[in-house]
Structures are given as structure tokens and as C-alpha cells.
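# predicted model, plus sequence, below.
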Amino acid sequence: MEEISMKSTRHKFSITNKIGRVAWGITYVILFKPFKPRFLRKWRTFILRLFGAKASWNCNVSASARIWAPWNLEIGEFATIGPYVDCYNQGFITIEKNATISQKSYLCASSHDYTSKYHNLYLDPIIIKEKAWVAADSFIGPGVTIGEGVVVGARAAVFKDVDPWTVVGGNPAKFIKKREILD
């Protein structure tokens, strides 16, 4: 309980943040989402960078991915955010190089303190390390670090950090086995 109470300062978004989200919402609908062909990925990266994302020019963000606040996103070289991924990044989300977030996954970098009578919002960053793969329709909760080389099985729900080079699955996600790379 102590960990939650340390995070549960009442959070309010600034007027600048709110205006930025309105501007991003309009830009997303007009200049980001309609440009679906994969070869236009650099255009989408340009738009994300225009709104403050730290995005490598070699990343791939699907046109149907929903990003709440580009300024709270860092995505490395050859990292992928797949179709219909919901990147609810009120808090910061880092996706390191060569990591893949598969279709319909949900990354949630905030929550509410259920021990507070006001259910205060708290922001808690998500980190997806290099070479990790978050498979289809998975949920990654606030404050979670997905270690290097991890495979999160399809439809898994991850609420705790995952050790490097492991495979996890289920709800809540549990250790399945160590990941081995066969060449």
C-alpha cells in the first residue's frame, strides 16, 4: 500500500497539455490516420516528432495506432507499434529499438489510487526494452518494465516487471519459460 500512496498525488493536466491534446486529436484525424500505406511511415514519424515524440526515423507506427500524447512517447530504431494499438500514455512510454507491440495491444501508463477517496490519478511510466515482443491484444499496466528479449503471449495482462529473456502469458501474466534464440 505504501507504494501506491507515494504515487497518489492528485494530478491535473495543464491547460497547455489540454490544448496540445486537442491540436494532436485534430492532426491525428487529418494528417496521421488517413496515411495508411506502410511506405508512408516516415510521414507518420514526422507528425509524431512534430508533436514532441522522440521517434527514430526507422520506427514503424501503424496509421491505426492511437497515441494519447506523442510528447510522452519514445520509440527506438526498428521498433514497431502495430495496428490498433492503444498507447494511453498520460505517463511516459518508452519502446526501445527492435521491440514490437502487436495489434490491438493496450499500453496504459496511468491509473487511479483506489485507496484514496478521490481516486487520484497517478502517472507511472512503461518501458519496453530492446528485442521484446508484446503479442496481440495484450495489456501492459502502469509502471511495468518489459525486459530485454521478453515475449508477452497473446492476450496476456502484465501488471509487474518481467525479467529479461523470458516468455510470459495469461491474466495475470505468469512465467512460462526462458526464451532461447536458435540460429
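Good, I have the coordinates. Residues are numbered from 1 along each chain as shown.

# contacting residues around Cys59?
By Cβ atoms under 8 Å, 6 or more residues apart in numbering, the contact set of Cys59 is 41, 45, 75-81. From N, CA and C alone the C-beta is placed, and that goes for glycine too.

# how about 7 Å then?
Counting by Cβ atoms under 7 Å, 6 or more residues apart in numbering, Cys59 touches 45, 75-79.

# what residue ranges in the protein score low on pLDDT?
Low-confidence segments of the chain, defined by pLDDT under 70: 1-11, 183.

# and the helices in the protein?
2-7, 15-27, 41-50 (DSSP state H).

# make CSV from these and add distance to Ser64 and mean neighbour count to it.
Formatted as CSV, the helices of the chain follow (distance: least, Cβ to Cβ, whole Å; neighbours: other Cβ atoms under 10 Å):
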stretch, distance to Ser64, mean neighbour count
helix 2-7, 31, 12
helix 15-27, 15, 13
helix 41-50, 11, 17
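
# to Ala154, which of those helices lies closest?
Among these, helix 41-50 comes nearest to Ala154, with 24.0 Å by Cβ to Cβ.

# can I get that closest one in CSV, CA atoms only?
Output of helix 41-50 as CSV, limited to C-alpha atoms (Å, rounded to 0.1, in the frame of the first residue of the first chain):
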residue,chain,number,x,y,z
ARG,A,41,5.7,5.5,-42.1
LYS,A,42,8.3,8.3,-42.2
TRP,A,43,5.4,10.8,-42.7
ARG,A,44,3.7,9.5,-39.6
THR,A,45,7.1,9.6,-37.7
PHE,A,46,7.4,13.2,-38.9
ILE,A,47,4.0,14.1,-37.4
LEU,A,48,4.8,12.4,-34.1
ARG,A,49,8.1,14.2,-33.9
LEU,A,50,6.3,17.5,-34.7
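
# now that helix and helix 15-27, what's the angle there?
Counting by axes from the mean of the first three to the mean of the last three Cα atoms, to 10 degrees, helix 41-50 lies at 160 degrees to helix 15-27.

# by contact count, what packs against helix 41-50?
Packing partners of helix 41-50 (3 or more Cβ pairs under 7 Å, 6 or more residues apart in numbering; DSSP states H and E): strand 54-55, strand 60-61.

# ranking these by burial, who's on top?
Highest mean neighbour count of these: strand 60-61, a mean of 22 (counted as mean count of other Cβ atoms under 10 Å).

# out of the contacts of Cys59, who's the most crowded?
The residue in those with the most neighbours, by other Cβ atoms under 10 Å, is Ile75 (29 neighbours).

# distance of it from Trp57?
11 Å (Cβ to Cβ, to the nearest Å).

# perfect, that will be all.
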